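Asker: Got a predicted structure plus its sequence, pasted below:
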Amino acid sequence: MNVEYRLNSVLTSAVGSHAARLVRLDDMSAHCVLILSAFLKRAGRIGGSELHRWLPRLVGSGVQTEGDLQSWVRQFFPGAGLRLFGACRKRADKVTGAGVKVFGWNEPCGSPVGKGDLFSTPLSGRIPSRSMVRPCPAVLFGKGPIDPDLPLFAVFNSRKPRLVPPDSEWLQALRFVFRSLDLRGIGLAGSAGTLTHDLVGAHASRSGLPQVVVVPFPLLESCSELSKIHGEAVNGMPVLSCMLDSSCTPKNKPQVCRDWIIGMLASFHLVLEIRSGGNLSAALEEIQAKSPRHQIIYEPEDLGPLSAGNIGLLEKFPEFAHRFRLPKLPDLPFKGRRNAEKIHPLGCCDIVWDDYLYHYTRGCAGPWPGEAYRQYLLNLFDARPLSAHSALETLIRIFQEGFIRAGSRMVRGDKAVISWSSHSPKELFVLRKWNRALIRWTVEPYGIAIRRDILRSLGAKPAVYGTDRVYSRLAESERYRFQLSGASGAGSWRHEREWRMPGNLTLSGIKSDCGFVFVRTVEEIETLRDNVDLKLPIVALDA
């Protein structure tokens, strides 16, 4: 049995089974929930998980009218005035007019301790007990037409670095599954805010696949973010969130609630790579223990920490786990190296390194300047050329555009500059540090070198390092050179020996004896020349 047939068999058996369904609250119950949400925001300044300990208790309290709600509120907030209650009613009317609906579940997903449905739990005590209801949301806010009978699937993948090569194993597995599955009559329970969710969402929109999007940010602020992923398809798209507006943002991580909601909505799960012991693996294991779904789980060639959660699901819930691997591809024929003299026209030993300044390129995590985020996602999903946005591909793009773009990041004021360093690639160890937050090196061995005297004639000058006092003494026209820096230590940038040049630099005017391009390997020179017609010499640093 081939992999494609087996995956579709799993899909067929999973449709219609196990998934929890959303139940839309009647208009009066929803109205009361929206009033209470606004009231808690203004009076009690309660939001996040605290808010979600109050809302389900209101729904299960038997409140039927606004009068009942006022009595219920006075019971818990005796100092609340009618004027405040009236303002909250207006807020609820405005939100309802914007198309917001309120939903619960058809099963006790946020189960209280003991028996009974969450929405029929009797009201008792003055403050909802933290042990009474799970922190996951029992009440959701939504917009758009949600079809409760549409079977859904969901994709789960632990958070990845911002810079992802298109040949990453998990991304190949994702493409393979989408090519293999017959998704007619099925929708996607998706999200936004992480690369995997954004990739899947953009591809689903392009393919016309129905979606229910669960966002980890406020519902009323979701449209602009989702339009970056889905384009015009966002209009009318069903969206759910446990947060109505920014005041309700939970203090704990919204992604935890998001993963749990998606897992409960979906009839089957596609698991790519999940870490063991994290929030995502805990949510999936909890769902499988209480209400198991069929799970299509990728089994990587090399098992490691990034996919340890996959193995945990396979071992703990074997009845509903369906493993798959990528089909073996035939080996590609060996591509011989080009003539070494043509590949490597300038020997490193011939370079007087101090005669040049160096512009280092780095990987571009996200879209290129001027590129739409949606297009970036689709290019990466399709593994199009230069979709990795690596440091080498950044260098290729510079020559395709014909100029180095100036930028204003890390520059005081609005003047855009190009950053250069007097440190040559031979001194890369001085500049190169591992950035744990961004999960990448600060500098990579790719870039452009141009003679220092040429750049000086074009306006390049050394950066001025110092304190705010130094900045205040600089002439207005020279302030673009300023870089805040302490005398030494972590707050000092003096080791970079930076130069700054205002404005873009057109490369067509740089003669072949005034600069060169550098990459790490001889093979990368071939890649560079396959993509652009270079007039400048190229140096392979590792040659």
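Answerer: Noted; the coordinates are in hand.
Asker: Could you look up the next helix or strand downstream of the helix-or-strand element of the chain with minimal mean pLDDT?
Answerer: None of the helices or strands of the chain scores lower by mean pLDDT, DSSP states H and E than helix 340-343, at a mean of 42. Per DSSP states H and E, the first helix or strand lying C-terminal to helix 340-343 is strand 356-360.
Asker: List of residues touching that next one?
Answerer: For strand 356-360, contacts defined as CB atoms under 8 Å, 6 or more residues apart in numbering pick out 404, 418-425, 431, 443-444, 446-452, 455, 460, 499, 515-516. All C-beta spots, glycine's among them, are computed from the backbone N, C-alpha and C.
Asker: now do stretch 277-287
Answerer: Residues outside stretch 277-287 that contact it (CB under 8 Å, 6+ apart): 156, 158, 253, 255-256, 259-260, 263-264, 269, 271, 274-275, 293, 295, 309, 312-313, 316-317.
Asker: average model confidence for that stretch?
Answerer: In this model, stretch 277-287 carries a mean pLDDT of 92.
Asker: just to revisit the earlier point, from the contacts of stretch 277-287, which land in helices?
Answerer: Within these, residues falling in helices by DSSP state H are 255-256, 259-260, 263-264, 309, 312-313, 316.
Asker: need those in a markdown table with pLDDT, can you?
Answerer: Listed next are the ones in helices among the contacts of stretch 277-287 as a markdown table, based on pLDDT from 0 to 100:
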| residue | pLDDT |
| --- | --- |
| 255 | 85 |
| 256 | 86 |
| 259 | 93 |
| 260 | 91 |
| 263 | 93 |
| 264 | 91 |
| 309 | 94 |
| 312 | 93 |
| 313 | 94 |
| 316 | 94 |
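Asker: Using a markdown table, please lay out these together with neighbour count and distance to residue 362.
Answerer: Converted to a markdown table, those look like this (neighbours: other CB atoms under 10 Å; distance: CB to CB, whole Å):
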| residue | neighbour count | distance to residue 362 |
| --- | --- | --- |
| 255 | 17 | 27 |
| 256 | 19 | 32 |
| 259 | 26 | 31 |
| 260 | 25 | 36 |
| 263 | 25 | 36 |
| 264 | 25 | 40 |
| 309 | 24 | 31 |
| 312 | 18 | 36 |
| 313 | 23 | 36 |
| 316 | 11 | 41 |
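Asker: Could you dump these into CSV and include distance to residue 88?
Answerer: As requested, these are exported to CSV (distance: CB to CB, whole Å):
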residue, distance to residue 88
255, 29
256, 28
259, 31
260, 29
263, 33
264, 30
309, 43
312, 45
313, 44
316, 46
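Asker: Quick check: buried residues in stretch 273-292?
Answerer: For stretch 273-292, the neighbour count (16 or more other CB atoms under 10 Å) marks 273-276, 279-281, 283-285, 287-288 as buried.
Asker: ok, now stretch 233-242?
Answerer: For stretch 233-242, burial by neighbour count (16+ other CB under 10 Å) applies to 233-234, 237-242.
Asker: Flag the shaky bits of the stretch 151-300 of the chain, pLDDT-wise.
Answerer: Counting by pLDDT under 70, the stretch 151-300 of the chain has low-confidence residues at 247-252.
Asker: er, the stretch 351-500 of the chain actually
Answerer: Ranges of the stretch 351-500 of the chain meeting pLDDT under 70: 429-442, 486-493.
Asker: and the closest residue to residue 418 other than its chain neighbours, helix, strand or coil?
Answerer: In space, and not counting its chain neighbours, residue 418 is closest to residue 501: 4.7 Å by CB to CB, 6 or more residues apart in numbering. Look at residue 501: counting by DSSP: H, G, I helix; E, B strand; the rest coil, its state is strand.
Asker: looking at it, residue 501 is touching residue 420, isn't it?
Answerer: Yes: contact between residue 501 and residue 420 holds when scored by CB atoms under 8 Å: they sit 6.6 Å apart.
Asker: any residues in contact with both of the two?
Answerer: 455, 460.
Asker: If you count surrounding residues, which of these two has more?
Answerer: Neighbour totals were compared for residue 501 and residue 420, and residue 420 leads with 28 against 22 (other CB atoms under 10 Å).
Asker: Now do the SS call for that one.
Answerer: strand.
Asker: give me every residue that touches it.
Answerer: Neighbours of residue 420 in contact, by CB under 8 Å, 6+ apart: 357-359, 455, 460, 498-501.
Asker: Select, from those residues, the two members most distant in space.
Answerer: Among those, the pair separated by the greatest distance (CB to CB) is 358 and 500, at 13.3 Å.
Asker: and those two? which has more neighbours close in?
Answerer: Between residue 358 and residue 500, residue 358 has the larger neighbour count (other CB under 10 Å), namely 25 against 22.
Asker: With residue 424 as the reference, measure out to the more buried one.
Answerer: Here residue 358 is placed at a distance of 6 Å from residue 424 (CB to CB, to the nearest Å).
Asker: anything in contact with each of these two?
Answerer: What both residue 358 and residue 424 touch, as defined by CB under 8 Å, 6+ apart, is the set residue 449.
Asker: Which residue would you name as the spatial centre of the chain?
Answerer: Closest to where the C-alpha atoms of the chain average out (CA atoms, centre = their mean) is residue 194, at 2.4 Å.
Asker: In contact with it, which residues?
Answerer: By CB under 8 Å, 6+ apart, the contact set of residue 194 is 157, 159-160, 255.
Asker: Now do the buried residues in stretch 186-193.
Answerer: Across stretch 186-193, burial judged by 16+ other CB under 10 Å covers 186-192.
Asker: Make TSV out of those residues and add secondary structure and distance to residue 29.
Answerer: Shown next, in TSV, are these (DSSP: H, G, I helix; E, B strand; the rest coil; distance: CB to CB, whole Å):
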residue	secondary structure	distance to residue 29
186	coil	31
187	strand	26
188	strand	29
189	strand	24
190	strand	28
191	coil	26
192	coil	28
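Asker: Tell me the one of these nearest residue 90?
Answerer: Comparing these against residue 90 with CB to CB places residue 192 closest, at 30.3 Å.
Asker: any idea how far that closest one is from residue 530?
Answerer: Applying CB to CB, the value for residue 192 to residue 530 is 35 Å.
Asker: residue boundaries of the helices in the stretch 1-150 of the chain?
Answerer: Using DSSP state H, counting those that start in this stretch, the helices assigned to the stretch 1-150 of the chain run over residues 3-14, 27-39, 48-59, 66-76, 82-97.
Asker: show me what contacts the residue nearest to residue 312 when sequence neighbours are not counted?
Answerer: Nearest-residue entry for residue 312: residue 276, 5.5 Å, with adjacent residues in sequence omitted and distances by CB to CB, 6+ apart. Residues in contact with residue 276 (CB under 8 Å, 6+ apart) are 305, 308-309, 311-312.
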